[in-house]
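> sequence first, predicted coordinates after that:
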Amino acid sequence: MSIAVLGAGVMGSTLLAALVRSGHDPGDLVVSDRSSGRAEQVAAEHGTRAAASTAAVETADVVVLAVKPQDMAALIEEIHDHVRPHALVVSIAAAISTDYLERRLPEGTSVVRAMPNTPALVDQGMSGMSPGRHCTPEQLDQARALLESVGRVIVLDESHQDAVTAISGSGPAYIFYVVEAMIEAGVLLGLPRDTATELVVQTLYGAATMIRETGTHPTVLREQVSSPGGTSVAALRALEDHKVRAAFLTAMEAAARRSRELSPPAG
Ligand SMILES: NC(=O)C1=CN([C@@H]2O[C@H](COP(=O)(O)OP(=O)(O)OC[C@H]3O[C@@H](n4cnc5c(N)ncnc54)[C@H](OP(=O)(O)O)[C@@H]3O)[C@@H](O)[C@H]2O)C=CC1
Ligand SMILES: O=C(O)[C@@H]1CCC=N1
């Protein structure tokens, strides 16, 4: 199966690397970018080919659109006459609906909208995907296999994609922000920065592994850490005083709203 990745930025290059790691023949993979130098550099790193977007899609069974939402209209116009009749188009762009893609691609083109995240770089990604009108079950499986090469995948109604973008798409940014803040706190408390970093990163990794492996509700896990009258409840009281939980709710509402704002009209 031949796959073209259009856009060799953070996500395009991450997906390309993962496809090679998961056993795809690099000869079946081609990457393009607005900057041909960037496409060639990314292709060389992974032993794949680089080409112009038009040439890349001419031989592709699956076309991955990995450009920013603002660049999508121009890219689709560019490739419109070159997409193969039975190709599957998978867009990973925030805010771009399947309806928008279907109206601009040749009539009947099969489309999947997906929202992965950057932990795909270490095969621990989380993707939510939604099929378009013409996507067959086999093509949905094809898209699933592609995204499973970088982590977990759920299929859900497209009406939830702004929420997926706000939670798991942008989610790594919030987690890194919390990690930064905890490291800074460690430095404030007198720890060397590398010691603070090791303590925080392993704590995050351990806590995430516990949630995943025990299946225990996070509230129960938090209660297990919180000794009566102890240190954890003192810290959690301060987080409540500063309305951190409310801040997270507001933040993710803002991300979903931004996703809706970025969404161009379908017609
Ligand atoms: N970063 C993330 O965490 C996630 C991003 N996404 C989505 O993935 C998409 C890509 O994001 P990201 O990788 O971060 O963005 P980047 O800006 O890193 O990568 C996009 C690349 O596409 C290039 N490009 C622009 N127009 C074209 C074109 N017409 N043909 C070929 N290449 C083109 C850009 O060039 P130039 O630099 O010149 O603009 C850039 O190199 C976005 O739509 C985003 O919403 C989804 C999930 C997570
Ligand atoms: O910030 C963004 O717009 C993109 C979409 C999800 C993660 N990064």
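Sure thing, it's come through. Ligands and ions are numbered 1, 2, ... in the order given.
> now the residue of the stretch 1-150 of the chain found nearest ligand 2: how far from residue 33?
Nearest to ligand 2 in the stretch 1-150 of the chain, going by C-beta to the nearest ligand atom, is residue 94, at a distance of 3.9 Å. In this view, the C-beta of every residue, glycine as well, is placed from N, C-alpha and C. From residue 94 across to residue 33, the span is 19 Å (C-beta to C-beta, to the nearest Å).
> if you count what's nearby, which of these two comes out ahead?
residue 33 (24 against 21; other C-beta atoms under 10 Å).
> so who does that one touch?
Neighbouring residues of residue 33 by C-beta atoms under 8 Å, 6 or more residues apart in numbering: 6-9, 12, 39, 42, 50.
> quick check, nearest of the residues you listed to residue 178?
Closest approach between the contacts of residue 33 and residue 178, by C-beta to C-beta: residue 9, at 25.0 Å.
> show the average pLDDT along the host helix or strand of residue 240.
Element membership for residue 240 (DSSP states H and E) is helix 231-241. Here helix 231-241 scores 98 as its mean pLDDT.
> and what of stretch 134-144?
For stretch 134-144, mean pLDDT rounds to 97.
> alpha carbons only: can I get that stretch in CSV?
Taking C-alpha atoms only, stretch 134-144 is exported to CSV below (Å, rounded to 0.1, in the frame of the first residue of the first chain):
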residue,chain,number,x,y,z
HIS,A,134,-18.1,7.7,1.2
CYS,A,135,-15.6,5.8,3.5
THR,A,136,-16.2,2.1,3.4
PRO,A,137,-15.7,-0.1,6.5
GLU,A,138,-12.5,-1.5,4.8
GLN,A,139,-11.2,2.0,4.4
LEU,A,140,-12.0,2.9,8.0
ASP,A,141,-9.9,-0.2,9.0
GLN,A,142,-7.1,1.0,6.7
ALA,A,143,-7.1,4.4,8.5
ARG,A,144,-7.3,2.7,11.9
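> quick one: residue 111 is in a strand?
Yes. Counting by DSSP: H, G, I helix; E, B strand; the rest coil, residue 111 is part of a strand.
> packing partners for the longest helix seen in the chain?
Looking across the chain with DSSP state H, the single longest helix is helix 193-214. Contact here means 3 or more C-beta pairs under 8 Å, 6 or more residues apart in numbering; DSSP states H and E; on that basis helix 193-214 packs against helix 171-188, helix 218-225.
> CA atoms only: put it into PDB for me.
Extracted C-alpha coordinates of helix 193-214, given in PDB (Å, rounded to 0.1, in the frame of the first residue of the first chain):
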ATOM      1  CA  ARG A 193      16.900  21.400  38.500                       C
ATOM      2  CA  ASP A 194      17.900  17.900  37.200                       C
ATOM      3  CA  THR A 195      16.800  16.300  40.400                       C
ATOM      4  CA  ALA A 196      13.500  18.100  40.300                       C
ATOM      5  CA  THR A 197      13.000  17.000  36.700                       C
ATOM      6  CA  GLU A 198      13.700  13.300  37.500                       C
ATOM      7  CA  LEU A 199      11.300  13.400  40.400                       C
ATOM      8  CA  VAL A 200       8.500  15.000  38.400                       C
ATOM      9  CA  VAL A 201       8.900  13.000  35.200                       C
ATOM     10  CA  GLN A 202       9.000   9.600  37.000                       C
ATOM     11  CA  THR A 203       6.000  10.600  39.200                       C
ATOM     12  CA  LEU A 204       4.000  11.500  36.000                       C
ATOM     13  CA  TYR A 205       5.000   8.300  34.300                       C
ATOM     14  CA  GLY A 206       4.200   6.200  37.400                       C
ATOM     15  CA  ALA A 207       0.900   7.900  38.000                       C
ATOM     16  CA  ALA A 208      -0.100   7.500  34.300                       C
ATOM     17  CA  THR A 209       0.900   3.800  34.400                       C
ATOM     18  CA  MET A 210      -1.100   3.300  37.600                       C
ATOM     19  CA  ILE A 211      -4.300   4.700  36.000                       C
ATOM     20  CA  ARG A 212      -3.800   2.600  32.900                       C
ATOM     21  CA  GLU A 213      -2.800  -0.700  34.600                       C
ATOM     22  CA  THR A 214      -5.100  -0.700  37.700                       C
END
